[in-house]
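Novice: here is my input, please return the structure:
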Amino acid sequence: MANLVVHFEIHASEPQRLIDFYSELFGWTFTRFGDVEYWVILTGEGSIQNGGEAGHGINGGLTRRQGPAPEPGAPVNGANFVVGVDGDVDAMYARGLELGATVAVPMEDMEGVGRGGYLLDPDGNVFGIISPTMSDGTTQM
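Specialist: Okay, the predicted model is just below:
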């Protein structure tokens, strides 16, 4: 491994609320790690495994936020993550809104990249979703 991103973390004011949100939206599995308020996130088949076994995606963790949630309209403080979506990325974006997310950046076609947009989860964390398929059905990546 040479300087690869192998793990991400989501901070949550109300952990169960975000566990429910991401489980429903992406089908991720959350497992509490010991007695601390930390949950291991398994993002699905094909992700990197704990033994260092290579994968096509990464897993993460969810932890209780140590302070207030981001204020609406505040700039990103830290890093965000983008999830590659198979199938209808617009339907996934709409489903995120139905589950309590709000628009950060509307869906758009990006020449040479694909179609994607950004949402704010119910705790104000920004994340993106992207598909290589543009709105006209052409594939970019």
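Novice: pLDDT of the helix ranked longest in the chain, averaged?
Specialist: Counting residues, the longest helix found in the chain (DSSP state H) is helix 15-26. For helix 15-26, the mean pLDDT works out to 98.
Novice: now do that helix: which elements does it pack against?
Specialist: Under the contact criterion of 3 or more CB pairs under 8 Å, 6 or more residues apart in numbering; DSSP states H and E, helix 15-26 touches strand 7-12, strand 29-32, strand 38-42, strand 59-64, helix 89-98. Every C-beta, even on glycine, is put in place using the N, C-alpha and C of the backbone.
Novice: okay if I get the ones you listed as JSON lines plus mean pLDDT and distance to Q140?
Specialist: Formatted as JSON lines, these follow (pLDDT from 0 to 100; distance: least, CB to CB, whole Å):
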{"stretch": "strand 7-12", "mean pLDDT": "95", "distance to Q140": "24"}
{"stretch": "strand 29-32", "mean pLDDT": "96", "distance to Q140": "30"}
{"stretch": "strand 38-42", "mean pLDDT": "96", "distance to Q140": "28"}
{"stretch": "strand 59-64", "mean pLDDT": "94", "distance to Q140": "26"}
{"stretch": "helix 89-98", "mean pLDDT": "98", "distance to Q140": "12"}
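Novice: so can I have JSON lines of those showing mean neighbour count and distance to L119?
Specialist: Shown next, in JSON lines, are those (neighbours: other CB atoms under 10 Å; distance: least, CB to CB, whole Å):
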{"stretch": "strand 7-12", "mean neighbour count": "18", "distance to L119": "13"}
{"stretch": "strand 29-32", "mean neighbour count": "14", "distance to L119": "19"}
{"stretch": "strand 38-42", "mean neighbour count": "18", "distance to L119": "17"}
{"stretch": "strand 59-64", "mean neighbour count": "18", "distance to L119": "17"}
{"stretch": "helix 89-98", "mean neighbour count": "16", "distance to L119": "5"}
